[in-house]
Structure formats: structure tokens, C-alpha cells
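In: attaching a predicted model along with its sequence, questions to come.
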Amino acid sequence: MKDKAFVDTNLLVYSISTEKIKAVIVEQLFQQSFNFVISTQVINEFVHTCHRKNLLPASEIRQAVEDFLLFFDLSIIEDTTIMTAFDLKARYGFSWYDSLIVSTALEIGCSKLFSEDLQHGMVIKEKLTIQNPFLS
């Protein structure tokens, strides 16, 4: 059985980006042997970022989301996710949205969290390792 790996929003944005080097790194990452997971939060942040930065027309944003939903497992943020995020925010000093990302990844049993925004190599609760794919 493949390990679960959570993917942060920034990697989805780079996957459709004109920043070719980062887009290629993300594409190579997604070819690795993981069961990749995103959350409803990640989808919402992706759509918001694409609209705010005019990265894609609305129809292409919708198509990208449909593609992501076919490729990734989707985790729904539950009440327990939110309550754990409060504890993580207090303990580690993460932003609220990063706390929700980490909480979701822990809740669904991910061993890796791929993100550009969090401290590379940090291990949370001896279960979840943060990995910045642009540093590895």
C-alpha cells in the first residue's frame, strides 16, 4: 500500500503556472509512488488564487479542478479537523490556514506534506514530515 502524501495549494498553482522549472518539479513529484491527497480547503484556495491573479480563464479553472478531483483523493474538513487545527496553531505557531492543512494531513494519516510554505524537514507529532519539493 502506498504512503499518503498531502499536497498544499501552492503546488497545484505551480502545476498550471508559467514558471516552467517549478511546473516540471511538481509534475515529477506527482509521478512518484504516493497516494496523493488534497482537501476542500486546497481546492478553494486554488480557485481563489487563480481568480485573484488571473492565472486562467474561469472555464480552465473549472477544468483544472475537475482534473485534480480525478487525480487526488479529496479530504473534507470536519469539525475534528478544525479543533485539532487550533491545537496545532497554538503549539507550532502556524497560520490558521496552514494549521488546517497540517491538521487534515494528520487526520487522514499522511506521512508527507508537500508544501513550499512550511519548514522543510519539520516533523509534526512524530508522524508527518514537511517536504519542500523545490529544496529536495
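Out: Cool, got the structure. Since we're looking at a predicted model, the values are computed, not measured.
In: residues in contact with the helix or strand harbouring Arg91?
Out: In the assignment (DSSP states H and E), Arg91 maps to helix 79-92. For helix 79-92, contacts defined as C-beta atoms under 8 Å, 6 or more residues apart in numbering pick out 94-96, 99-100, 102-104, 106-107, 124. For every residue, glycine as well, the C-beta is placed using N, CA and C.
In: my guess is Ala23 contacts Leu11, does it?
Out: No. Ala23 is beyond contact range of Leu11, at 10.0 Å (criterion: C-beta atoms under 8 Å).
In: more crowded one of those two?
Out: Legend: neighbour count by other C-beta atoms under 10 Å for Ala23 and Leu11, higher for Leu11 (25 against 16).
In: tell me where the model's unsure across the protein.
Out: For the chain, the stretches flagged by pLDDT under 70 are 136.
In: all the helices of it, residue numbers only.
Out: Using DSSP state H, the helices found in the chain span residues 9-15, 20-29, 40-52, 58-71, 79-92, 96-107.
In: let me have these in JSON lines, extended by distance to Gln131.
Out: JSON lines is the format used below for these (distance: least, C-beta to C-beta, whole Å):
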{"stretch": "helix 9-15", "distance to Gln131": "11"}
{"stretch": "helix 20-29", "distance to Gln131": "9"}
{"stretch": "helix 40-52", "distance to Gln131": "16"}
{"stretch": "helix 58-71", "distance to Gln131": "19"}
{"stretch": "helix 79-92", "distance to Gln131": "16"}
{"stretch": "helix 96-107", "distance to Gln131": "11"}
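In: right, so of the ones you listed, which gets closest to Asp3?
Out: Ranking the helices of the chain by proximity to Asp3 (C-beta to C-beta) places helix 96-107 first, at 11.7 Å.
In: helices and strands around the closest one, which ones?
Out: strand 4-7, strand 35-39, helix 40-52, helix 79-92, strand 112-114, strand 128-131 (3 or more C-beta pairs under 8 Å, 6 or more residues apart in numbering; DSSP states H and E).
In: redo those as a markdown table? Include mean neighbour count and distance to Ser59.
Out: Formatted as a markdown table, those follow (neighbours: other C-beta atoms under 10 Å; distance: least, C-beta to C-beta, whole Å):
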| stretch | mean neighbour count | distance to Ser59 |
| --- | --- | --- |
| strand 4-7 | 25 | 23 |
| strand 35-39 | 21 | 21 |
| helix 40-52 | 17 | 11 |
| helix 79-92 | 14 | 31 |
| strand 112-114 | 23 | 28 |
| strand 128-131 | 19 | 33 |
